[in-house]
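Novice: sequence and predicted structure are below.
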Amino acid sequence: MDNLTLIKLLENSISLSKGTKFYKITRNPGRLFYSKILEFFSLILKNSFEIKVKTFWGEQIIVVIPECVSLFIYRYGFFEEGLTRMILEYLKQGMTFFDIGSHFGYFTLLGSVLVGNEGRVYSFEPIPSTFNILKANISNKDNVFLNNCAVVSEKKKVLINDYGIKYSAFNSIYNSRLSQNIHQKLEIKKYEVECISIDDYVERNGVIPNFIKIDAESSEYEILLGMEKTIAKFHPMISIEVGDMGVKGIPTSKDLINFLVNKSYQPYEFKDGKILKHALKKNQYPYDNILFLAE
């Protein structure tokens with residue numbers, strides 16, 4: 001499936017997600033109503049439901065209701081329009097894609113399709129319960145290589161917070177980016193996990209990443225510190241999740257952006273349906289993904 005076809009399929013899904021309630025109900029009543037029913041019963045029963053759904057490109061993925069990313073994928077077949085479009089635009093056949101913070105594998109699966117049989121996808125997910133779902137989702141993918149570990153600046157062990165399936169997208173070495181009201185109600189489990197740096201991983205495995213996607217819930221700066229050699233030698237495309245959510249003790253989004261700008265990268269953002277050059281904001285950043293291309 002070529003990129004133009006994938007983009008058209010994505011645009012159809014985006015139109016559905018942004019439509020009126022009437023439009024959504026008439027276009028895809030089954031997914032909408034069934035997801036609402038599953039969400040309702042999961043909250044009442046205090047239980048979660050694993051279910052297979054189709055992505056916008058037609059591939060099946062296991063999601064977990066009532067987790068927020070899963071609900072959106074269930075209803076519309078995609079997640080994070082801007083980052084999805086960036087990956088569709090720049091990730092090509094034969095490339096090597098690093099998916100750091102893979103969660104259940106939406107971007108890993110998309111990357112696998114885009115790089116094809118000659119390309120490679122390396123996915124990194126530290127939480128055992130999340131990793132198991134990721135593993136099930138890529139069981140038939142020969143071009144995907146899984147790593148059940150965290151990525152930081154060096155090889156070590158750290159404690160990571162598991163906020164439960166519903167909030168698994170927010171699992172982090174640091175406090176969650178959730179609101180204080182939600183955070184106070186969580187039953188938090190802590191796991192000791194192995195950590196690696198990208199520089200060590202690249203050197204040890206002899207791989208050259210073309211595109212590195214980083215979504216690591218406040219660990220982004222640590223990850224960048226651990227891939228300085230990779231940046232200097234290979235100049236990969238990099239996407240980073242930003243957003244100043246009040247988590248104490250971590251660098252700001254401006255720090256992340258300046259780190260790469262000082263290494264001769266140009267930042268880009270998705271805005272008004274286009275990928276445009278990004279101008280550094282004066283104030284705090286809302287949640288977003290910024291793409292960096294070597295100049």
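Specialist: Here it is on my side, so go on.
Novice: which elements pack onto the helix or strand hosting Glu50?
Specialist: Per DSSP states H and E: Glu50 is located in strand 49-54. Helices and strands touching strand 49-54, as assessed by 3 or more Cβ pairs under 8 Å, 6 or more residues apart in numbering; DSSP states H and E, comprise helix 29-45, strand 60-65, helix 68-76. The C-beta positions use only the backbone N, C-alpha and C, and glycine is treated the same way.
Novice: how about TSV for the ones you listed, with distance to Ile257 added?
Specialist: Shown next, in TSV, are those (distance: least, Cβ to Cβ, whole Å):
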stretch	distance to Ile257
helix 29-45	36
strand 60-65	31
helix 68-76	24
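Novice: with mean neighbour count added, can I get the ones you listed in TSV?
Specialist: Below are the helices and strands packed on strand 49-54 laid out as TSV (neighbours: other Cβ atoms under 10 Å):
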stretch	mean neighbour count
helix 29-45	14
strand 60-65	20
helix 68-76	21
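Novice: is it possible to get a markdown table of these that adds distance to Lys8 and mean pLDDT?
Specialist: What follows is these, written out as a markdown table (distance: least, Cβ to Cβ, whole Å; pLDDT from 0 to 100):
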| stretch | distance to Lys8 | mean pLDDT |
| --- | --- | --- |
| helix 29-45 | 20 | 87 |
| strand 60-65 | 20 | 96 |
| helix 68-76 | 15 | 95 |
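Novice: contacting residues for the nearest residue to Ser219 once chain neighbours are set aside?
Specialist: Nearest non-adjacent residue to Ser219, counting by Cβ to Cβ, 6 or more residues apart in numbering: Ile173, 5.6 Å away. Counting by Cβ atoms under 8 Å, 6 or more residues apart in numbering, Ile173 touches Ala150, Val152, Val158, Leu159, Ile160, Asn161, Glu217, Ser218, Ser219.
Novice: so which of the residues you listed sit within strands?
Specialist: Among those, the members found in strands (DSSP state E) are Ala150, Val158, Leu159, Ile160, Asn161.
Novice: most surrounded residue in these?
Specialist: For the ones in strands among the contacts of Ile173, the largest neighbour count, defined by other Cβ atoms under 10 Å, is 27 neighbours, found at Ala150.
Novice: the inter-axis angle of the helix or strand containing Phe107 versus helix 68-76?
Specialist: Per DSSP H and E: Phe107 is located in helix 106-115. Angle, helix 106-115 to helix 68-76, by axes from the mean of the first three to the mean of the last three Cα atoms, to 10 degrees: 50 degrees.
Novice: what's the one helix or strand Lys8 maps to in contact with?
Specialist: Assigned by DSSP H and E, Lys8 belongs to helix 3-17. Residues from elsewhere that reach helix 3-17 (Cβ under 8 Å, 6+ apart): 23-24, 27-28, 56-58, 72, 75-78, 81, 84-85, 88-89, 113-114.
Novice: which of these are buried?
Specialist: Using 16 or more other Cβ atoms under 10 Å as the burial test, those include 24, 28, 56-57, 72, 75-78, 81, 84-85, 88, 113-114 as buried.
Novice: out of these, which one sits closest to Ile212?
Specialist: When the buried ones among the contacts of helix 3-17 are ranked by distance to Ile212 (Cβ to Cβ), Leu114 comes first, at 14.5 Å.
Novice: list the contacts of that closest one.
Specialist: Residues near Leu114 by Cβ under 8 Å, 6+ apart: Asn3, Leu6, Ile87, Leu88, Leu91, Lys92, Gln93, Met95, Phe97.
Novice: burial count for Met1?
Specialist: Neighbours of Met1 using other Cβ under 10 Å come to 11.
Novice: how about it, what does it touch?
Specialist: Going by Cβ under 8 Å, 6+ apart, the list of residues near Met1 reads Trp57, Val113.
Novice: Val113 versus that one, what's the distance?
Specialist: According to Cβ to Cβ, to the nearest Å, Met1 stands 7 Å off from Val113.
Novice: touching both of those two, which residues are there?
Specialist: Joint contacts of Met1 and Val113 (Cβ under 8 Å, 6+ apart) are Trp57.
Novice: where does the chain dip in pLDDT?
Specialist: By pLDDT under 70, the low-scoring segments of the chain are 183.
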